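>>> sequence? don't have it. structure:
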C-alpha cells in the first residue's frame with residue numbers, strides 16, 4: 001500500500017540536505033535514543049514535504065487514501081487529537097450565535113467549542129440503561145422529536161461510539177437530520193478502528209472526527225477529520241485556526257503508516273482481538289451486545305462492585321485499564337494486544353472474580369440549570385473559594401466538573417451546582433473534597 005507522506009519525508013532525508021530551517025535538531029540529534037530515529041523525518045513546511053494547510057502533495061494523496069477508505073469526499077489530517085477535530089468540525093457547521101442540538105454526553109472539548117464559537121446548546125438527553133448503569137445510544141426518534149420542537153436548529157452534534165463502546169445508528173440519524181435541512185457532526189474519537197472491522201459507523205454523517213492514536217498504531221495526538229459537502233480551502237483554513245502552525249510531521253507520517261499497516265495486516269489482527277473480547281464477555285460479567293444495543297466489538301467493559309478498588313488491584317498486577325467508574329472498568333483492546341496479553345488479563349480477572357458483578361446503582365446524570373451562556377462563563381471573572389465542592393450548593397460553576405476519563409462534564413461552566421448534581425457526583429465516587437472555581441455573580 002502507498003504511503004505518500006512518509007515516502008516524501010524519507011526522500012527528503014535521504015538527500016542529506018543542509019537544513020538551515022527549523023526544527024533546531026536539523027535531523028541529526030535528539031537527546032535520548034528513544035527519539036533519535038524520528039529526527040530525520042521531523043521537518044517543516046518545504047516544497048518537497050508539503051504544507052498541511054495548503055493544497056498539493058504529498059498531503060493530497062495521503063489524505064485521499066483515508067477518505068476513500070472511510071467513504072467520505074475528503075479527509076483532513078489533524079495533530080491536535082479529536083479536540084482539534086471537534087473545534088474545526090463545529091466551526092464548519094455553525095455560525096456564532098446559532099443553536100446546536102448537542103448530546104449532553106459529549107466530551108469536554110465540545111463544551112469548550114460552544115464557548116469559543118458562541119453557540120447555544122439545546123441538550124439531547126441520552127437514554128439511561130438502568131440495568132447497565134451506563135448511557136445508551138441516541139435514537140433517531142429522539143432526534144426527530146427535538147428537531148420538530150426546535151425547527152431553527154441546523155447542526156446536531158453527538159458522540160458515537162461512547163467511552164463504553166455504545167454505538168448509535170448514525171445512518172438513520174443522518175436521514176432524519178438531512179430531512180430537516182441540517183448537518184450531523186459526529187465525535188467518533190474512539191471509533192477509528194471500526195471501518196477495518198467491516199462496520200460503517202459513520203455512514204452519511206456530514207463531518208466526523210476520529211482519533212487515530214486511541215485505537216490504531218499512530219502517535220499521540222494523531223487524528224482525522226472526514227467530511228462531505230465542504231470546500232477544501234475552507235476546511236484547511238478552519239483546521240489552521242485551531243491547530244498549530246508547526247504541525248508534527250512524525251505524527252502526520254504515523255497516520256500514513258497506520259493506514260498502510262491496517263490495510264495490509266491490522267484488519268485481520270483486529271478480527272482476532274474481536275474474538276478475544278467476545279470470549280472475555282462470555283466469561284466475566286460485562287456489557288454485551290443485545291437487542292437494540294450495538295457495541296464496539298473490541299471495547300471490553302467489565303462490571304465490578306467497586307471500580308476504583310478493582311482498577312487498583314489490576315495495577316498492582318501491572319495491568320492498567322483505560323478508566324473506571326463506580327461499577328465498571330473499561331479496557332481498550334487493539335490489534336497490538338497479543339494473545340499472551342489477553343491470557344495475562346484473563347488470569348488476573350480470574351483472581352479477582354470475587355470482586356466482579358453488579359456495582360452500586362447509579363442514577364442517570366442530571367442536567368443542571370444554565371445561568372450563563374457557555375461563552376459568558378468561559379470569560380467571566382472567577383474566584384477560588386476556600387470551600388470544597390461538597391459545600392458549593394447553589395453556586396455557579398466557573399470550570400467543568402468532569403470525571404476524567406471520560407471527560408464528560410456533569411456540570412459545565414455557567415451552570416448552577418445544585419443538590420442533585422452533588423448527590424450524583426458523590427454517588428459515582430467523584431472527589432467531593434476538591435476546591436472549586438465559582439463565577440462571580442455580582
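Arrived safely, thanks for sending. Values in this document were obtained by computation on a predicted structure and should not be read as measured data.

>>> In stretch 289-300, which residues are buried?
By 16 or more other Cβ atoms under 10 Å, the buried positions in stretch 289-300 come out as 294-300. (Glycine included, C-beta is placed from N, CA and C.)

>>> Residue 255 is in what secondary structure piece?
Element membership for residue 255 (DSSP states H and E) is helix 249-261.

>>> helices or strands up against that helix?
On a contact count with 3 or more Cβ pairs under 8 Å, 6 or more residues apart in numbering; DSSP states H and E, helix 249-261 meets helix 4-14, helix 59-70, helix 212-215.

>>> Could you identify which of those helices is most buried?
For the helices and strands packed on helix 249-261, the largest average neighbour count (mean count of other Cβ atoms under 10 Å) is found in helix 212-215, namely a mean of 24.

>>> before we move on, the earlier item: turn the helices and strands packed on helix 249-261 into a markdown table, columns for mean pLDDT and distance to residue 246.
Compiled in a markdown table, the helices and strands packed on helix 249-261 are given as follows (pLDDT from 0 to 100; distance: least, Cβ to Cβ, whole Å):
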| stretch | mean pLDDT | distance to residue 246 |
| --- | --- | --- |
| helix 4-14 | 97 | 15 |
| helix 59-70 | 98 | 15 |
| helix 212-215 | 98 | 19 |
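
>>> Export these to CSV and append columns for distance to residue 419.
Shown next, in CSV, are the helices and strands packed on helix 249-261 (distance: least, Cβ to Cβ, whole Å):
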stretch, distance to residue 419
helix 4-14, 54
helix 59-70, 45
helix 212-215, 36
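
>>> Could you point out which of those helices sits nearest residue 187?
For the helices and strands packed on helix 249-261, proximity to residue 187 was assessed by Cβ to Cβ; helix 212-215 is nearest, at 11.8 Å.

>>> What lies in contact with that closest one?
With contacts defined as Cβ atoms under 8 Å, 6 or more residues apart in numbering, helix 212-215 is touched by 81, 189-193, 218-224, 254-255, 258, 298, 332, 334.

>>> low-confidence ranges in the stretch 251-400 of the chain?
Residue ranges of the stretch 251-400 of the chain with pLDDT under 70: 385-387.

>>> Show me where it has its strands.
Taking DSSP state E, counting those that start in this stretch to define them, one finds strands in the stretch 251-400 of the chain at 294-295, 299-303, 323-324, 328-332, 382-388.

>>> Check those strands for me and report the most buried one.
With neighbours defined as mean count of other Cβ under 10 Å, these peak in mean count at strand 299-303, which reaches a mean of 25.

>>> picking up where we left off before, of the buried residues of stretch 289-300, which pair is most distant in space?
Using Cβ to Cβ, the two most remote members of the buried residues of stretch 289-300 are 294 and 300, lying 15.5 Å apart.

>>> on that earlier part again, among the contacts of helix 212-215, which ones are buried?
81, 189-193, 218-219, 221-224, 254-255, 258, 298, 332, 334.

>>> And the contacts of the helix holding residue 255?
1-6, 9, 38, 41-44, 49, 52, 62, 65-66, 69, 77, 79, 212, 216-222, 224, 266.

>>> Pull out the buried positions in the host helix or strand of residue 426.
In the assignment (DSSP H and E), residue 426 maps to helix 419-427. Within helix 419-427, the residues scored as buried using 16+ other Cβ under 10 Å are 421-422, 424-425.

>>> what does stretch 194-205 give?
With burial defined by 16+ other Cβ under 10 Å, the residues of stretch 194-205 counted as buried are 194-197, 201-205.

>>> before we move on, back to that, any chance of JSON lines for the strands of the stretch 251-400 of the chain, columns distance to residue 309?
JSON lines is the format used below for the strands of the stretch 251-400 of the chain (distance: least, Cβ to Cβ, whole Å):
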{"stretch": "strand 294-295", "distance to residue 309": "25"}
{"stretch": "strand 299-303", "distance to residue 309": "13"}
{"stretch": "strand 323-324", "distance to residue 309": "9"}
{"stretch": "strand 328-332", "distance to residue 309": "10"}
{"stretch": "strand 382-388", "distance to residue 309": "23"}
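
>>> Which one of these lies nearest to residue 311?
Among the strands of the stretch 251-400 of the chain, the nearest to residue 311 by Cβ to Cβ is strand 323-324 (4.2 Å).

>>> Which strands or helices does that closest one pack on?
Packing partners of strand 323-324 (3+ Cβ pairs under 8 Å, 6+ apart): helix 307-316, strand 328-332.

>>> which strands and helices sit next to the last one?
Taking 3+ Cβ pairs under 8 Å, 6+ apart as contact, the helices and strands that strand 328-332 lies on are strand 299-303, helix 307-316, strand 323-324.

>>> ok and it relative to strand 299-303, angle-wise?
160 degrees (axes from the mean of the first three to the mean of the last three Cα atoms, to 10 degrees).

>>> Doesn't residue 438 lie inside a strand?
Yes - counting by DSSP: H, G, I helix; E, B strand; the rest coil, residue 438 is part of a strand.

>>> wait, what's in contact with it?
382-383, 385, 392, 395-398.

>>> so what's residue 327 closest to, chain neighbours aside?
Distances taken as Cβ to Cβ, 6 or more residues apart in numbering place residue 359 nearest to residue 327, at 2.6 Å, with adjacent residues excluded.

>>> err, residue 413, not the other one
The spatially closest residue to residue 413, leaving aside those adjacent along the chain, is residue 377, at 3.6 Å (Cβ to Cβ, 6+ apart).

>>> quick check: longest helix of the chain.
When the chain is parsed with DSSP state H, its longest helix is helix 267-283.

>>> what packs against that helix?
strand 299-303, helix 339-351.

>>> Export the ones you listed as a markdown table, with columns for distance to residue 99.
Putting the helices and strands packed on helix 267-283 into a markdown table (distance: least, Cβ to Cβ, whole Å) gives the following:
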| stretch | distance to residue 99 |
| --- | --- |
| strand 299-303 | 32 |
| helix 339-351 | 45 |
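
>>> Out of the ones you listed, flag the one nearest residue 412.
strand 299-303 (25.2 Å).

>>> quick check: angle from the closest one to helix 307-316?
120 degrees.

>>> what angle do strand 299-303 and helix 339-351 make?
Using the same axes, to 10 degrees, strand 299-303 lies at 10 degrees relative to helix 339-351.

>>> how far is strand 299-303 from where the chain is centred?
The chain centre lies 18 Å from the centre of strand 299-303; the measure is Cα atoms, centre = their mean, to the nearest Å.

>>> and that strand, what other elements does it pack with?
If you count contacts as 3+ Cβ pairs under 8 Å, 6+ apart, strand 299-303 packs onto helix 267-283, strand 328-332.

>>> one more time with 6 Å
strand 328-332 (3 or more Cβ pairs under 6 Å, 6 or more residues apart in numbering; DSSP states H and E).

>>> Sheet-wise, list the partners of the strand it packs on with their directions.
Strand 328-332 sits in its sheet next to strand 299-303 (antiparallel), strand 323-324 (antiparallel), going by DSSP bridges.

>>> I appreciate the help and will end here.
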